[in-house]
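# have a look at this prediction, sequence included:
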Amino acid sequence: MDSAVLPPLDCSEPRASTGERLLNLGIVVGLHLLLGYGVLYLSVKNELINLPPSISVRLLPMIEERKVEPAKPLPPPPKPVPQVHRPPVVQPQPVLAVASPNPAPSSFVVAPQPPTPPPQPVAAAPAPAAPVTAARFDADYLHNPKPAYPPISRRSGEEGKVLLKVRVSPQGTALDVAVSKSSGFARLDNAALEAVGRWRFVPAKRGDEAIESSVIVPITFALE
């Protein structure tokens, strides 16, 4: 009898289908995620901040309104005190003493008084001082000549203004002439002194009386 040749037996496991492989892969991935979440939860749990204790709220009872007490009645007014009428006091009348027809002589003697001095004359109030009029040098009727311009000063071009202080007598003459402010040039100052020393003045007056006084005379030297 001929032996029949049998095909070789396949001992390998049957291959899983694609759906089963995806399912197995999903289960493995889910397990890894679950394991990672557990590890992360345990590590973070220790670092959690304790929440503050809960705050209890208690409602207070409403304050009862204060009862207004009625006003106390005022005490009765005091009873009027009856006034006692006292009889008026009679003042004793003064008794006039009657002089005796024959009075005794008195021993009291009044010393004679000194004579009253005559009244002293009252000094009259001094009369107000009369107004003083200053001396003048610019009156037209005086005909005072102008100072001569020194020829050397004219050629040199010297100009300036000199102030002279003049002491005027009651008769209107120059008692003293001095330079109060120089022009800056001696020739001009000397020419002014020489001319003003011969001038005539209107003297100062106190009321109607001519008096001695001082006056400032300005002299200007200017080249035309």
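That came in fine, so what should we check first? On a predicted model such as this, the values are computed, not experimentally measured, just so you know.
# now the longest helix seen in the chain: buried residues?
Across the chain, the longest stretch assigned as helix under DSSP state H is helix 18-45. By 16 or more other Cβ atoms under 10 Å, helix 18-45 has no buried positions at all. (Glycine included, C-beta is placed from N, CA and C.)
# which stretches of this structure form strands?
For the chain, the strands defined by DSSP state E cover 132-133, 160-168, 174-181, 204-206, 209-211, 213-221.
# can I get the ones you listed in CSV with mean neighbour count?
Formatted as CSV, these follow (neighbours: other Cβ atoms under 10 Å):
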stretch, mean neighbour count
strand 132-133, 14
strand 160-168, 19
strand 174-181, 14
strand 204-206, 17
strand 209-211, 15
strand 213-221, 16
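# Tyr37 is nearest to which of the ones you listed?
strand 174-181 (118.0 Å; Cβ to Cβ).
# apart from its chain neighbours, what residue comes closest to Ile211?
Ala204 (5.4 Å; Cβ to Cβ, 6 or more residues apart in numbering).
# contact partners for that neighbour?
132-135, 168, 210-213, 215 (Cβ atoms under 8 Å, 6 or more residues apart in numbering).
# ok, back up a step: want to throw the strands of the chain into JSON lines with distance to Tyr41?
As requested, those are arranged in JSON lines below (distance: least, Cβ to Cβ, whole Å):
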{"stretch": "strand 132-133", "distance to Tyr41": "125"}
{"stretch": "strand 160-168", "distance to Tyr41": "117"}
{"stretch": "strand 174-181", "distance to Tyr41": "116"}
{"stretch": "strand 204-206", "distance to Tyr41": "128"}
{"stretch": "strand 209-211", "distance to Tyr41": "131"}
{"stretch": "strand 213-221", "distance to Tyr41": "120"}
